[in-house]
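>>> here is a sequence together with a model predicted from it:
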Amino acid sequence: MSKSFAFALALLSSMFLSPATLAGDPSMGKAAVITAAGNYKVTAIDHKKREVTLQDEEGNSETFVIGEEARNLDQVEVGDIVTVKAASGIAVALYPAPGAALGVVERTGVSRSEKGQKPHGAIYHHVELTGRVEKVDPKKREVTIRGKEASVTVPVAEEVDLGKVKVGDTVRIDILDMVSITVNAGNGK
């Protein structure tokens, strides 16, 4: 299996996504989002078996079985282009959260195209961790945060003024993941 198909398979099977930006005090940082994308041409499709063969830009092919949750598979045709996009950001911003309860809040959202349209689906997963600062390491640009049940050491974006972050502060970090899959008409349609 080629690297690009391994990427597509990982994205198709994990399906987590999230907002690409974080709001807050700009001196405390902003989301640094790592992104990846791939385009794959539909070279064969068996609608009854729900099998789609995709070809990457290097000419490698792989066949996937598509689950029933993909309700618009009947709209996919040979020649269509499947675009897979992913983004991830982790612990790149700190937000002051004085008085907030320690803990984790998780949000997941899903969107998909209406019945009868070309398939499009997107999923995001957003984890918000509130904890107390245990250690600040300006040289490594890392902060250790103690949550309700455990501690985690996270990298901090260059935009964050670590002079504003002190041991004992209650802060919030955001961990973001997102994936979207879109099918566009190929062959000049």
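Alright, I've got the coordinates. Since the structure is predicted, the reported quantities are computational estimates derived from the model, not experimental observations. Numbers count the residues shown, from 1 in each chain.
>>> tell me where this protein has strands.
34-46, 51-55, 61-65, 81-90, 95-96, 103-112, 120-137, 142-146, 151-155, 170-184 (DSSP state E).
>>> for T144, grab the count of nearby residues.
A total of 16 residues lie near T144 under the criterion other C-beta atoms under 10 Å. Every C-beta, even on glycine, is put in place using the N, C-alpha and C of the backbone.
>>> quick one: it from P155, how far?
To P155, T144 is 11 Å away according to C-beta to C-beta, to the nearest Å.
>>> with L94 instead?
Distance, L94 to P155, by C-beta to C-beta: 11 Å.
>>> who's more crowded, these two?
L94 (27 against 13).
>>> doesn't R172 make contact with the more buried one?
Yes - if you go by C-beta atoms under 8 Å, L94 and R172 touch, sitting 7.3 Å apart.
>>> number of residues surrounding the nearest residue to V105 once chain neighbours are set aside?
Among residues not flanking V105 along the chain, E128 sits closest, at 4.4 Å (C-beta to C-beta, 6 or more residues apart in numbering). Residue neighbour count, defined by other C-beta under 10 Å, stands at 17 for E128.
>>> pretty sure E128 sits against L102.
No - with contact defined as C-beta under 8 Å, E128 does not reach L102; the gap is 11.7 Å.
>>> who does V154 form a beta bridge with?
V143 (DSSP bridges).
>>> next one, pLDDT for it please.
Per-residue confidence (pLDDT) for V154: 81.
>>> how many residues are close by Y124?
So Y124, with other C-beta under 10 Å, has 21 neighbours.
>>> same question for P119.
20.
>>> likewise V143?
Neighbour tally, V143, other C-beta under 10 Å: 26.
>>> now do the contacts for it.
With contact set as C-beta atoms under 8 Å, 6 or more residues apart in numbering, V143 has these partners: L94, V133, K135, V136, D137, T153, V154, V156, L162, V165, V171.
>>> just give me the closest of the residues you listed to R112.
V154 (32.1 Å; C-beta to C-beta).
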